[in-house]
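> Here is a sequence together with a model predicted from it:
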Amino acid sequence: MEKYFITTPIYYPSDKLHIGHTYCTVATDALARYKRLQGCDVLFLTGTDEHGQKIEDKAREAGKTPQEFVDSIVSAPGGVLDLWKLMNISNDRFIRTTDSYHVKSIQLIFRKMYDNGDIYKGKYVGKYCKPCESFWTETQLKDGKCPDCGREVQDAEEEAYFFRLSKYADKIQDLLENTDFLEPRSRVHEMVNNFIKPGLEDLCVSRTSFTWGIPVDFDPKHVVYVWIDALANYITALGYGNDKYNDYDKGWWPGVNIVGKEIVRFHSIIWPAILMSLGEPLPKKVFGHGWLMLDGGKMSKSKGNVVDPYLLAEKFGVDALRFFLLRTFPFGSDGNFSNELLIQTINVDLANDLGNLLSRTVSMVGKYFDGQLPAEQRFQGEMDDELVAMVKGLRDRYEAQMEKFAIHNALAEIFKVIGRANKYIDENTPWVLAKDMEANGPRLACVMYNLLETLRVCAILLTPFIPTSSAEILRQIGASADGASCTWESAGQWAVLPKTVSVVRGENLFPRIDMDKALAELEEAAAQARKAALPALEVEPQTEEKVDFDTFCKSDFRAVKVKACENVKKSAKLLKFTLDDGTGADRQILSGIATYYKPEELVGKTLMAIVNLPPRKMMGLESNGMLISAVHTEQGEERLNLLMLDDKIPAGAKMC
Ligand code: ME8
């Protein structure tokens with residue numbers, strides 16, 4: 001059996017993952033499932049890239065150790081592992097770069113490259129982009145900023161180890177230009193023109209300014225550059241340099257690396273150079289997919305424009321979400337995400353086209369034949385030929401696209417057939433045939449059989465995208481009882497179901513979604529999420545400016561007792577207080593706190609007031625002083641509490 005090793009990038013657990021990460025993982029999952037369907041022995045790897053300064057900083061901000069911090073995002077409930085479980089990701093292995101076997105392998109790899117002279121000690125002077133964890137030379141900067149993310153860079157100078165990347169420049173240019181190692185092809189020109197032709201410089205591969213990384217074992221004040229640590233996961237997870245696994249030499253490597261476009265540079269230049277240095281085979285392929293954008297910009301937590309996959313999966317179903325991501329956006333290009341597009345794709349493709357084809361077919365077989373087709377069937381040539389021919393060639397057309405990673409085109413091929421099948425129903429008008437079963441029964445049975453066969457082939461080929469729904473379709477059309485009619489081989493054949501197949505009515509797989517209602521609900525959920533993301537409790541920062549003691553002492557704070565309190569007419573905010581301030585005369589103070597207190601709950605309370613402010617008119621009434629309260633913010637909402645004093649304190653007592 002052919003071995004096929006496929007990987008996603010390993011994700012940074014610096015924040016919760018979003019729909020962009022989900023896109024990348026679901027696409028790789030579909031490719032892995034496709035290869036399994038074809039009969040390959042697949043090893044699908046994903047994981048998390050847990051070292052580096054960004055994680056160290058984030059952990060500090062969160063008041064956690066780096067390990068506690070990454071655990072809270074990777075393995076805690078609602079973390080990365082749970083997200084992949086929810087999305088029905090079929091990975092066979094999950095690597096964390098903090099796993100001890102990986103740490104050991106990275107130390108060995110670093111030492112091997114040091115021993116063979118490809119890593120040497122030098123001094124780093126240049127610029128560093130912290131969010132990207134990338135070093136740049138002056139000439140590589142774009143308008144003085146990081147060429148990858150456009151953010152500010154900082155000066156950096158320190159003793160460091162370097163990798164002789166320059167030594168491999170020609171070999172890598174040849175690899176990129178003269179093989180199909182990197183796809184899509186457009187990315188080759190970008191790499192060669194932007195990075196190789198201007199001159200590949202040696203790469204700084206160790207850091208001493210932070211500690212959250214894998215120590216260089218022969219010089220432990222250095223930690224290994226996070227990209228060497230990360231890229232090598234593709235082989236350490238197979239057991240390269242460790243005893244945890246022993247798959248590396250067993251035909252699994254080389255594999256296929258699926259990555260997002262911004263990390264193509266690391267995967268198509270640095271990664272093959274590392275492997276060349278180690279004398280190991282290069283990946284079969286690096287495929288750089290596009291970004292899911294929101295409002296024209298890349299989705300990213302730091303920009304605050306992320307979409308939550310949990311919310312969408314819960315609302316529309318996991319299969320519908322997986323399908324949308326892969327059907328809508330050409331895999332190699334960027335795509336603009338919107339909730340409208342998501343709902344529209346579900347309604348058009350899944351509810352109208354596929355869902356209707358299934359429910360009409362199964363219910364007609366139920367209604368006209370009591371759920372089981374008769375053996376006597378009449379094929380009518382011309383009326384059937386076009387559909388049958390389309391279905392017969394579907395698997396090969398689909399395969400041709402999948403082999404090119406043109407996932408969206410493979411799906412388009414399936415949906416052309418589904419559209420043709422719906423038209424076939426309208427052309428053959430089964431409800432008219434059913435009016436005279438004696439004359440037309442065999443013809444009607446053949447129409448139904450052709451539809452069931454069409455659904456069978458489509459459902460098999462849809463399995464990598466919507467695994468749960470495909471299994472249910474195959475069950476409803478009577479294919480699953482017999483494993484042989486659900487295989488890859490059978491998807492390339494016609495008339496595999498027995499003539500007398502029985503169907504099973506099931507639930508409506510893809511109910512139509514009310515667009516306006518769903519959009520309003522999503523907007524409400526997003527508002528709630530934004531609110532929940534606000535700090536739980538916030539107080540105003542303390543004033544820097546000092547006040548001298550004498551000025552402070554001029555403020556006259558007194559205990560006051562509330563004799564009466566009422567709302568001020570025509571004002572939603574103001575309360576009018578009649579107060580005993582210990583002088584024997586009533587004092588009137590107006591306070592804008594009616595949204596926080598009802599007047600009656602304050603009568604009799606002892607409060608604190610400043611009494612020597614100049615009188616002020618509000619809504620035509622005079623206010624002599626101000627009641628003192630404490631203010632803070634909770635989940636974005638302002639909270640106010642009057643300062644209530646012990647009732648033992650007499651009215652007029654001075655606060656000092
Ligand atoms: O880059 N649309 O990790 P990462 C599509 N640790 N894909 C997106 C996306 C979006 N909006 N946002 C992120 C890293 N991704 C490194 C990888 S591999 C040895 C080390 C994709 O968590 C992104 O393109 O920042 C990348 O392929 C993957 O998510 C991981 O991104």
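Received it, and whenever you're ready, just let me know what you need.
> Run through the residues that contact the nearest residue to residue 212 once chain neighbours are set aside.
In space, and not counting its chain neighbours, residue 212 is closest to residue 56: 3.8 Å by CB to CB, 6 or more residues apart in numbering. In short, each C-beta sits where N, CA and C put it, glycine included. Neighbour list for residue 56: 66, 210, 211, 212 [criterion: CB atoms under 8 Å, 6 or more residues apart in numbering].
> Out of the residues you listed, which two are the most distant from each other?
66 and 210 (9.7 Å; CB to CB).
> what number of residues lie near the nearest residue to residue 383 once chain neighbours are set aside?
Spatial nearest neighbour of residue 383, excluding adjacent residues (CB to CB, 6+ apart): residue 428 at 6.5 Å. Neighbour count of residue 428, defined by other CB atoms under 10 Å: 21.
> Residue 428 contacts residue 382, doesn't it?
No - applying CB atoms under 8 Å as the test, residue 428 and residue 382 come out as separate, 11.6 Å apart.
> C-terminal to the lengthiest helix in the chain, what's the next element?
Ranked by residue count, the top helix of the chain under DSSP state H comes out as helix 437-462. Per DSSP states H and E, the first helix or strand lying C-terminal to helix 437-462 is helix 467-476.
> how about the helices in the stretch 1-150 of the chain?
19-37, 53-62, 66-74, 80-86, 100-115 (DSSP state H, counting those that start in this stretch).
> So the fourth one, near the ligand or not?
No - with CB under 6 Å from any ligand atom as the measure, helix 80-86 is seen stopping short of the ligand, the closest distance being 9.6 Å.
> buried sites along that helix?
For helix 80-86, burial by neighbour count (16 or more other CB atoms under 10 Å) applies to 80, 81, 83, 84, 86.
> how close does the residue in the stretch 151-300 of the chain that the ligand sits nearest to sit to residue 449?
Evaluated by CB to the nearest ligand atom, the stretch 151-300 of the chain has residue 260 as its residue closest to the ligand, separated by 1.6 Å. Applying CB to CB, to the nearest Å, the value for residue 260 to residue 449 is 45 Å.
> The two: which is more packed in?
residue 449 (23 against 19).
> re earlier: just so I know, which of the helices of the stretch 1-150 of the chain lies nearest residue 457?
Across the helices of the stretch 1-150 of the chain, residue 457 has its closest neighbour in helix 19-37 (12.4 Å, CB to CB).
> got the angle for the helix or strand containing residue 401 vs helix 437-462?
Using DSSP H and E, residue 401 falls within helix 382-403. With axes from the mean of the first three to the mean of the last three CA atoms, to 10 degrees as the basis, helix 382-403 and helix 437-462 are set at 10 degrees to each other.
> which helices and strands does helix 382-403 pack with?
The contact analysis (3 or more CB pairs under 8 Å, 6 or more residues apart in numbering; DSSP states H and E) places helix 382-403 against helix 407-428, helix 437-462, helix 488-491.
> Kindly recompute the last result at 6 Å.
helix 407-428, helix 437-462 (3 or more CB pairs under 6 Å, 6 or more residues apart in numbering; DSSP states H and E).
> In CSV, list those helices along with distance to residue 533 and mean pLDDT.
CSV is the format used below for these (distance: least, CB to CB, whole Å; pLDDT from 0 to 100):
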stretch, distance to residue 533, mean pLDDT
helix 407-428, 32, 98
helix 437-462, 36, 97
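> Deepest in the core, which of those is it.
helix 437-462 (a mean of 22; mean count of other CB atoms under 10 Å).
> relative to its centroid, which residue of the protein is most remote?
The outermost residue of the chain relative to its centre, with distances by CA atoms, centre = their mean, is residue 584 at 67.7 Å.
> about what we covered before: which one of the buried residues of helix 80-86 is nearest to the ligand?
residue 80 (9.6 Å).
> thought that closest one was touching residue 70?
No - counting by CB atoms under 6 Å, residue 80 sits too far from residue 70 to count as a contact (9.6 Å).
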